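In: have a look at this prediction, sequence included:
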Amino acid sequence: MKKTIFAGLALAALIQPVAAQELAATYIHAGRLLADPASGRVETNKTIVVEGGKVAAIRDGFVGEGRIVDLSDHFVMPGFIDSHVHLTFESSPTSRLDAVTKSTVDQAFDGVVFAKRTVRAGFTTVVDLGSDPQAINALRDATATGKVIGPRIIAAGGVAAHGGHGDVHGYRQEIIDLFRSPTLCSGADDCARAVRLAVQQGADVIKTASTGGVMSNTAAGLGQQMSDAELVAIVDTAHRLGRKVAAHAHGTDGVNAALRAGVDSVEHGTYLDAESIRLFKAKGSYLVPTLLAGDTVARQAETADWMPAPVRAKARTVGPLMVDALRRAHQGGVRIAFGTDSAVSKHGDNAREFALMVKAGLTPLETIKSATVWAAAHAGLETEIGTLAAGKSADIVAVKGDPLTDVRSLETMGFVMARGAVVRAAGE
C-alpha cells in the first residue's frame with residue numbers, strides 16, 4: 001500500500017502557525033465564498049472567524065466586532081498550493097554564472113524575495129522540488145516561524161543519476177566535480193543510499209528525474225535516464241522513510257518506468273501515452289503538468305540569446321506539447337495537482353497556470369480544485385489546508401470578479417492571509 005505521509009517532525013514544523021499572528025479574533029466578511037472547492041458551492045455573505053492562525057468558525061451574515069476585514073465585494077477561496085516550484089533561484093541571462101558564484105546564503109536571501117512574491121500572489125503552500133538543501137530548509141523553517149514572509153514550504157531532496165538531469169553540465173570538469181550533489185547516484189544500492197542521505201539532510205519529500213530535462217545544458221535527450229531498478233530503489237527507500245517521491249519525467253519510457261516504480265507524482269509528463277494514463281490510475285499517482293514552464297521556455301527559445309543551444313532545441317520541441325499532454329491526461333481521468341515549475345517562469349506569476357489549464361480543457365473550477373483540494377491530498381495535508389473549515393489553517397485568498405467564469409481574475413490577487421497573518425491587504 002502506498003505511503004501517504006511526510007516526516008512526522010518535519011511536517012509538524014511545516015504546519016505551525018507563524019509567530020507574528022495575534023491572539024485576538026479577526027472577522028473576514030466574504031461577499032462570495034468558495035469554502036469547499038470539491039463541491040463548487042458558492043455561498044454569499046459569510047463571516048470567517050480567524051483565531052490563532054486557524055479558522056475558528058464560518059458564520060452566516062456579516063458579524064463580529066473589532067478587527068474586521070471587509071471582503072464583501074470579493075470572491076473568497078482557500079489559499080492556493082503550487083506543487084512544483086524552485087524558490088531559491090530564477091532563470092535569467094546570468095543563471096549559468098549564478099550557479100557557480102552564488103553561495104548558499106545568497107540563494108537563501110534570493111529565496112526570501114521570491115517567497116514573498118509567491119505568497120502575495122495567493123500561493124500559501126508550495127512544494128519546492130529542487131533548491132540547495134541548506135538554503136531551502138532554512139527558508140522553510142523561517143517561513144514556518146514567521147521570521148520571513150512566505151508560503152508554507154515542503155522541501156525536497158534531489159536524487160538523480162550521474163550524468164543525467166539533476167547533475168551539473170556545461171562547465172569545466174573541475175567545476176562540475178566541485179558543485180556536484182552528494183545525492184547523485186548510479187545503481188540501485190547507490191540510489192537507496194542517496195535517498196537516505198537526502199532524508200538525513202532534512203528533505204520532506206524526494207525529487208528524482210527518470211528522464212532528461214529541458215533545462216539541462218546537455219544534448220542527452222528527454223528519454224529515460226534512470227534504470228527501472230534505480231527508480232524502484234528510490235521509491236521503496238523513500239516510502240520506508242515516510243517520504244513521497246516526485247519524478248521529473250518527459251519521455252514516455254521514463255514516465256511509465258517512474259509510474260511502475262510507484263512514484264507519487266509525475267512532473268511534466270510531456271509524452272505520456274495510453275499506458276501512462278492506465279498506470280496513473282492504477283497507482284493513484286498525480287500529474288503535475290507545469291504548463292507555465294513549457295509556455296515560458298518555448299517563448300524564450302525564440303528570443304533569449306543567453307539560452308544554451310541544447311536547451312533551446314529541447315524548449316522549442318517540448319513547450320508546445322505540454323498543453324495537449326494535460327488534455328489527454330484529464331480526459332483519461334488522471335488526478336491533477338497544480339504546479340508551475342516557477343523559477344523557469346518568474347516567481348509571483350504562478351496564477352498564469354490557471355488559464356493554460358483551461359486551454360487544456362479543464363473548467364475554471366477544476367483548475368481551482370487542482371490548486372486546493374487535489375493538491376492538498378497530493379501533499380498529504382488535506383486535514384490542514386485545501387478548504388476553509390473550522391480547525392483548518394487560515395490560508396485565505398480573495399479576488400475581484402468571478403474566477404469561475406474568468407479564471408484570469410486569479411492573476412490579480414486582492415487579498416492574502418497565510419496561517420492567520422495578512423500578507424496582502426485588501427486594496428493594496
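Out: Now that the structure is in, tell me what you want to look at.
In: every contact and neighbour count from this point should use C-alpha atoms.
Out: OK.
In: phi, psi for the spatially most central residue of the chain please.
Out: Centroid check for the chain by CA atoms, centre = their mean gives residue 83 as the closest residue, at 2.1 Å. Dihedral angles of residue 83 (phi, psi; degrees, to the nearest 10) stand at phi -80, psi 10.
In: what does the one 4 residues further on give?
Out: As for residue 87, its main-chain torsions (degrees, to the nearest 10) stand at phi -80, psi -20.
In: and the one 3 residues further on, by the same measure?
Out: For residue 90, the backbone dihedrals are phi -150, psi 130 (criterion: degrees, to the nearest 10).
In: quick one: residues contacting it.
Out: 342, 343, 344, 345, 346, 347 (CA atoms under 8 Å, 6 or more residues apart in numbering).
In: how about the closest residue to residue 245 other than its chain neighbours, what does it touch?
Out: Excluding its sequence neighbours, the residue lying closest to residue 245 (CA to CA, 6 or more residues apart in numbering) is residue 206, at 4.8 Å. Applying CA under 8 Å, 6+ apart, one finds that residue 206 lies in contact with 156, 157, 158, 159, 195, 198, 238, 243, 244, 245, 246.
In: now with 7 Å, please.
Out: Counting by CA atoms under 7 Å, 6 or more residues apart in numbering, residue 206 touches 156, 157, 158, 159, 238, 243, 244, 245, 246.
In: also residue 83?
Out: Residues in contact with residue 83 (CA under 7 Å, 6+ apart) are 126, 127, 337, 338, 339, 375.
In: how close does it get to residue 378?
Out: Per CA to CA, to the nearest Å, residue 83 is found 9 Å from residue 378.
In: hang on, the earlier thing: reformat the contacts of residue 206 as CSV; add pLDDT.
Out: Compiled in CSV, the contacts of residue 206 are given as follows (pLDDT from 0 to 100):
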residue, pLDDT
156, 97
157, 97
158, 95
159, 96
238, 98
243, 98
244, 98
245, 98
246, 98
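In: narrow those residues to those in helices?
Out: Mapping the contacts of residue 206 onto helices (DSSP state H) picks out residue 238.
In: format the contacts of residue 206 as CSV; extra columns: neighbour count and distance to residue 292.
Out: CSV is the format used below for those (neighbours: other CA atoms under 10 Å; distance: CA to CA, whole Å):
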residue, neighbour count, distance to residue 292
156, 29, 21
157, 30, 23
158, 28, 22
159, 29, 24
238, 23, 29
243, 25, 27
244, 29, 24
245, 29, 22
246, 28, 18
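In: distance to residue 178 added to the contacts of residue 206, as CSV?
Out: Supplementary listing: these in CSV, determined by distance: CA to CA, whole Å:
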residue, distance to residue 178
156, 22
157, 19
158, 17
159, 17
238, 27
243, 28
244, 29
245, 27
246, 26
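In: from the contacts of residue 206, which land in strands?
Out: 156, 157, 158, 159, 245, 246 (DSSP state E).
In: hang on, the earlier thing: helix or strand: which one has the residue nearest to residue 245?
Out: With secondary structure defined by DSSP states H and E, residue 206 is part of strand 205-209.
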